[in-house]
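# Pasting the sequence and the predicted coordinates here, then a few questions.
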Amino acid sequence: MLPRGGARLPAGSVGLRADVPPTQHREQRNEASSPNINPYTNYPSPPMTETEIKLPVANVAAMRRLLRRLGWRVSVRRHLEHNLVFDRPDGSLLAAGSLLRLRSAGKLCLLTVKRPMRPSALHKVREEFEIETTDTASATAILGALDYQIAWRYEKYRTQFTRQGAKGKILLDETPIGNYLELEGDPGWIDATAIQLGFGVDDYITASYRGLFVEQARGNKKAPRDMVFPARKRPPKSIQ
């Protein structure tokens, strides 16, 4: 915001007030420069910790019936997601286990940063930062201007299920390399829900979709570069 008269604020003087003593101005500037402080609201915005696992799904229709029988209901209907994974020219982000992703689904676009996985015996645990936008083109242009390049593309059909009182959510993903459930929530809830669905710890998958794709493509010289559906071979609409 410009002060009265149109003059610009001096550099580093975000939101300074005329009625605040200079010593408090310095404290205000220090708060504004903190990496997890929003200078316009002055409250912390820490990353979210995501805990999840994947489970293989052999029959999508049968899994939908099982979820419904157990009281799970569709909270976000089946939709196609387009995902762009960005990296630096030297590939250092992916090499370090980090993720910079731009996901679009309909009019919604999510920009996500995920830090490398934390050590965990059973679950995939990562810190993530995420913001929403409706302008995918501008978000892509901004990342390009910062010298981030599209390193990989992947698509999936996703349906989200929730149940009242549950300490997590279930995501059903239909992908070009197979179908999976993602259980995301409290670790104890994840384990109990997996058992209820007929799975054991040996079924847990903590690899990312990129990791699964690379593993399946290893040794196949004809494997596609990206995990996307062929234009005429997208899976048919599932029963909601």
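Thanks, I have the structure now.
# Span of stretch 222-231 from start to end?
18 Å (C-alpha to C-alpha, to the nearest Å).
# can you give me the offset of that stretch from its chain's centre?
21 Å (C-alpha atoms, centre = their mean, to the nearest Å).
# Mind listing what's buried along it?
Buried residues in stretch 222-231, counted by 16 or more other C-beta atoms under 10 Å: 227, 228, 229. For every residue, glycine as well, the C-beta is placed using N, CA and C.
# Report the beta-bridge partners for the closest residue to the first one other than its chain neighbours.
It refers to residue 227. In space, residue 227 comes closest to residue 154 once its chain neighbours are excluded; the distance is 3.8 Å by C-beta to C-beta, 6 or more residues apart in numbering. Going by DSSP bridges, residue 154 is paired in beta bridges with residue 83, residue 227.
# list the contacts for residue 154?
Contacts for residue 154 (C-beta atoms under 8 Å, 6 or more residues apart in numbering) come out as 83, 85, 175, 176, 209, 210, 213, 226, 227, 228.
# Kindly report the same for residue 48.
Contacts of residue 48 (C-beta under 8 Å, 6+ apart): 127, 128, 129, 130.
# before we move on, what about residue 105?
79, 80, 81, 82, 158.
# Kindly provide the distance from the spatially most central residue of the chain to residue 60.
By C-alpha atoms, centre = their mean, the chain has its centre lying nearest to residue 112, at 5.3 Å. Counting by C-beta to C-beta, to the nearest Å, the gap from residue 112 to residue 60 is 25 Å.
# Same question for residue 144.
Distance from residue 144 to residue 60, counting by C-beta to C-beta: 36 Å.
# The two: which has the busier surroundings?
Counted by other C-beta atoms under 10 Å, residue 144 and residue 60 do not tie: residue 60 has more neighbours, with 19 against 12.
# I figured that one hits residue 179, correct?
Yes - between residue 60 and residue 179 a contact is recorded at 5.3 Å, counting by C-beta atoms under 8 Å.
# Mutual contacts of these two, please.
Counting by C-beta under 8 Å, 6+ apart, the residues touching both residue 60 and residue 179 are residue 172.
# where exactly do the helices run in the chain?
Under the criterion DSSP state H, the chain contains helices at 22-33, 60-69, 92-95, 136-145, 187-196, 209-217.
# Minimum distance to residue 123: which of these has it?
The minimum distance between residue 123 and those falls on helix 187-196, with 5.6 Å, by C-beta to C-beta.
# what ranges do the strands span in this structure?
48-57, 73-87, 99-105, 108-114, 124-133, 149-162, 168-175, 178-185 (DSSP state E).
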